[in-house]
Each structure stands twice: as structure tokens, then as C-alpha cells.
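>>> Any chance you can model this:
(chains A and B)
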2 protein chains.
Amino acid sequence: MSGKLYLLPNLLDESLPAEPFLPISVSEAVHRIQGLIAESEKMARRYLRRFLSHDEMAKMPLAMLNEHSKDPTPLIQPLKRGETWGLISDAGLPCLADPGADLVWLAHQNGIAVETFVGPSSIVMALQLSGFGGQQFSFHGYLPREVPDLEKKVRDLEKQPGTHIWIEAPYRSAKMLDLLKQTLKPTTRLCVAANLTTPNQKVASQTIAKWKEKSFVLEKEPVVFLIG
Amino acid sequence: MSGKLYLLPNLLDESLPAEPFLPISVSEAVHRIQGLIAESEKMARRYLRRFLSHDEMAKMPLAMLNEHSKDPTPLIQPLKRGETWGLISDAGLPCLADPGADLVWLAHQNGIAVETFVGPSSIVMALQLSGFGGQQFSFHGYLPREVPDLEKKVRDLEKQPGTHIWIEAPYRSAKMLDLLKQTLKPTTRLCVAANLTTPNQKVASQTIAKWKEKSFVLEKEPVVFLIG
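Numbering: from 1, shown residues only, chains lettered A, B, ... in the order given. Take a look at the predicted model:
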């Protein structure tokens, strides 16, 4: 008898409450898991605290899956013994711009059922809020860091059909916005979606020509960028 | 004073209950709207019935946004007068492989706030369940229908980095699977995710070599296809 792997959604910001963003099925699933795989122990505990009592938390085994522990093979063992484990990432949905895909693939190869749950994705919300076409879109993760490479990349994306989505480290988001305003054509449409689902959420979607007239300050905020 | 546009999630299958898939904030939002924009009146009524009383439903104005009414300009008028309206699609999330983007863009250009809510997306769930990389992915909508064009397209996608996602009309999904098994390289990884979130959900993720040995019957089912 094989166990199950639950892909559990996290919130987009750890200070947010669970209720408006997570359906009741997530809380029910957390009560069924026999262990939790996370990017860090700190974030695993913060997550469990939303759903479990102190005693329930103390008994829950934790395992790490992050840049230091990329081999998912040890994580599959309890599932092969018939246990049900959850997988979370530090924010949003596991396996979407976050670790987890290799573990899911390994689960499939071992006949272990994988279940997913509805939760917030900054990529999806930004795409909806942009007003850009959602019939064809690409997520590019992080773009190149060096300025000449980055300019070349965004000019290249600008020419390709569909909506293009990427993220940037919060401390570099203001620089990214400046570069886009200087590099893209005046008629290209740019959306900047910052702090999604938080009280500080701000979304603007305009042509580059209008962005140049606009005052929009970004200060070390998590941002999704879109052109389309 | 401007109104608001709420991008409300629908379920992936109309026979499903709301509770495990939609957070409580969706029900609260439906009680705040003064009108609902949908792809069809039938689906609008089925949606509202989940949240509202018969009397509340009878009073709710409906407006259509679909292939026959592509101009969103009339829909923005009540929002400009200060009303809050919701937008749904027949299944899943509005603006994601579904109508709505032009209305959202028009809302931005008129200074109308747009809010989105957490809900199920078959594209996102399929990507998570595939075990394929979620650091870089593209959604292509529907691929070409003619066999030679379709073969060329999937061979082309196979060569490009990242995960590639597309959908197919339910009555053509079995043909698509056959074509992929015959066209793609034995080492290419293919995921087929059918009937997501329903009791008939079935997901398989394997190399093409293993798909050729596998019995997996598709019968007019909504399917998301992924290679990666």
C-alpha cells in the first residue's frame, strides 16, 4: 500500500491569515498528513501553527527540500511505506517557481498518488490582474542580471507573441522597472503587480508611454512583471 | 467614485461543490457584487445559486462577455458609476485561457480597481501534478488542428526548454494522446491530466517510451497536456 503526496498551498506573505486565501480542504489535508516537507524548518513551523495544536505540531516530522538538499530520493521512503506527507514552499504553490517538481516526478515513477489543493499563486493573480491575454503566456522565472543581457532579453520577449511574465528579487525591483521604462517601446504594455494579496498590494497596467508619465515607487517589494 | 471589478473563480466542473475548492472570501465577494458578467446566462445562474437565495438571485443583473459580445465597453459603464461587478468564466479562473482580459485592461484605463480571488486553475494544477519544472513554462492554448501542422508544432515544442502546456477539446483528447505517442521522442516526458478536481481525475506522467506500454483510455474528457 502506497502513501500520498499532498501539494499544499502556502500564503503569499507569512503575516497573512489563512481564511480568505485557503479553502477549508487545505486545513483538512494538514490534519491528515504524517509529515511535512518544506524549504526551511522555520517556515514549516509557521505553516503548521495555523492549523494544528502545539501537541500536534510537536509530533509532526519535518523534512527539508531546498537548494542544499536537492535529491528527493530519501523523501520518497515514508510514502513508499504508506504514509501521507505534505509539501509546501515558503510562499504560494509548491512546484510553481519553487522546488518540488523532482519529488513529484519520483512519486509518479513509484506509483505514489499526488494530490494538489487550491491556493494563491502570484503568477496567476498577476496575469489575471494585468488585463493581458491569457490564451497564450510564458513564465520565465528570473531574467539575466547583467544589464546588457537583460536589455537584450526584454527586447527579445517584446517581439514574441503572448504575455510574458517574470519575477525579480525585491531589492532589485525598482531597477528592473527603470530599465523596462527605458528599454521597451512606447506602445508596449507593462504591468507591475507588487505585494499581491497583502494590504500593500499595488497593481498598475499601462503602456510604456504612460508609465513614463507615472509616479510609481517600488521599495524592496516582491513584484511580478508582465508585458503583453 | 469608481466601482470595482471582481475576478471570481468558478469550479472546474459545474457538478462540484464549492466548499473544498473555493475559499470563504469568494462567497463574501459574491454577496457584495451588484451585477455579474459571465459567458452565458445559464452558467451565471448556476454560479449564483451556490451562494445566494432565490430572491437575491432574481435581483442580480447579468451581462454577457463571450465570443458574440467581444466589446467590453458597455460593461464598464456600471463600474464607472461606482458599482461593483463580478466576472466569471464557465470553468476555472476568468482571464486565464478564458475571456476577460480586454475588460480588465479597460478597467485599468478608467481607474477602476480590479480584485482577484483564489480559485482552481486546471493549468496550474496540471503543472504541479506533472512533476515537470515550474521555473520556466509556457501555456499555448489550443494547438493546430490539422495533423501535419500539429506534428510539426509538438516536435518544435519538444526542442524548446521549459515545460509546455496546452489543452484540447474533450472529443479530440484521445486522438491527441495517440499522436503524441507516435510523434515525440521516447525520452520525452509527457503528462496527461484529465478531469482535474473531479471524482474521475486521472493523471499520468511518464516518458513516451513508458506511455507506449501503458493502457490509458481517454473518452471525451477535459484534458491538460504537458511535455517537459
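
>>> for residue A:162, what are its contacts?
A:133, A:135, A:136, A:137, A:138, A:228, B:138 (C-beta atoms under 8 Å, 6 or more residues apart in numbering or on different chains). Bear in mind the C-beta positions are built from the backbone N, C-alpha and C, glycine included.

>>> Contacts for the lengthiest helix in chain A next, please.
Ranked by number of residues, the top helix in chain A under DSSP state H is helix A:147-159. Helix A:147-159 is touched from outside by A:140, A:143, A:144, A:164, A:179, A:180, A:183, A:184, A:185, A:188, A:227, with contacts defined as C-beta under 8 Å, 6+ apart.

>>> Check whether the first one sits in a helix, strand or coil.
Under the three-state scheme (DSSP: H, G, I helix; E, B strand; the rest coil), the conformation of residue A:140 reads as strand.

>>> Helices along chain A, start to end?
Remark: helices assigned in chain A by DSSP H are A:24-32, A:41-49, A:54-59, A:73-80, A:101-109, A:122-130, A:147-159, A:173-183, A:208-213.

>>> anything in the last one sitting right up against chain B?
No: with C-beta under 8 Å from any C-beta of the partner chain as the measure, helix A:208-213 is seen stopping short of chain B, the closest distance being 8.9 Å.

>>> what mean pLDDT does that helix have?
Confidence over helix A:208-213 (mean pLDDT, whole number) is 96.

>>> on that earlier part again, among the contacts of helix A:147-159, which ones lie close to chain B?
Applying C-beta under 8 Å from any C-beta to the contacts of helix A:147-159, those adjacent to chain B are residue A:140.

>>> and the contacts of helix A:147-159 as JSON lines, adding neighbour count and pLDDT?
Output for the contacts of helix A:147-159, formatted as JSON lines (neighbours: other C-beta atoms under 10 Å in any protein chain shown; pLDDT from 0 to 100):
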{"residue": "A:140", "neighbour count": "18", "pLDDT": "98"}
{"residue": "A:143", "neighbour count": "18", "pLDDT": "97"}
{"residue": "A:144", "neighbour count": "12", "pLDDT": "97"}
{"residue": "A:164", "neighbour count": "22", "pLDDT": "98"}
{"residue": "A:179", "neighbour count": "16", "pLDDT": "97"}
{"residue": "A:180", "neighbour count": "20", "pLDDT": "98"}
{"residue": "A:183", "neighbour count": "17", "pLDDT": "98"}
{"residue": "A:184", "neighbour count": "21", "pLDDT": "98"}
{"residue": "A:185", "neighbour count": "11", "pLDDT": "98"}
{"residue": "A:188", "neighbour count": "18", "pLDDT": "98"}
{"residue": "A:227", "neighbour count": "21", "pLDDT": "98"}
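
>>> Chain B: which of the contacts of helix A:147-159 is nearest?
Of all these, the one with the least separation from chain B (C-beta to the nearest C-beta) is residue A:140, at 6.0 Å.

>>> Quick check, pLDDT for the nearest residue to the closest one once chain neighbours are set aside.
Distance criterion C-beta to C-beta, 6 or more residues apart in numbering or on different chains; nearest residue to residue A:140, sequence neighbours excluded, is residue A:166 at 4.4 Å. Here the pLDDT value assigned to residue A:166 is 98.

>>> quick revisit: pull out the buried positions in the longest helix of chain A.
Of all the residues in helix A:147-159, those buried under the rule 16 or more other C-beta atoms under 10 Å in any protein chain shown are A:150, A:151, A:153, A:154, A:157, A:158.

>>> Stretch A:101-121 too?
Of the residues in stretch A:101-121, A:101-108, A:112, A:114-121 count as buried by neighbour count, 16+ other C-beta under 10 Å.

>>> ditto for stretch A:65-84
For stretch A:65-84, using 16+ other C-beta under 10 Å, the buried residues are A:65, A:72, A:75, A:76, A:78, A:79, A:83, A:84.

>>> Contacts only, for the last one.
Spelled out, that is residue A:84. By C-beta under 8 Å, 6+ apart, the contact list for residue A:84 reads A:3, A:4, A:5, A:6, A:32, A:33, A:34.

>>> how close does the most centrally placed residue in chain A sit to residue B:225?
Nearest to the mean C-alpha position of chain A, by C-alpha atoms, centre = their mean, lies residue A:92 at 4.5 Å. Taking C-beta to C-beta, to the nearest Å as the measure, residue A:92 and residue B:225 are separated by 24 Å.

>>> With residue A:46 instead?
From residue A:46 to residue B:225 the distance is 36 Å (C-beta to C-beta).

>>> for residue A:133, same thing?
From residue A:133 to residue B:225 the distance is 20 Å (C-beta to C-beta).

>>> Before I go, just wanted to say thanks for your time.
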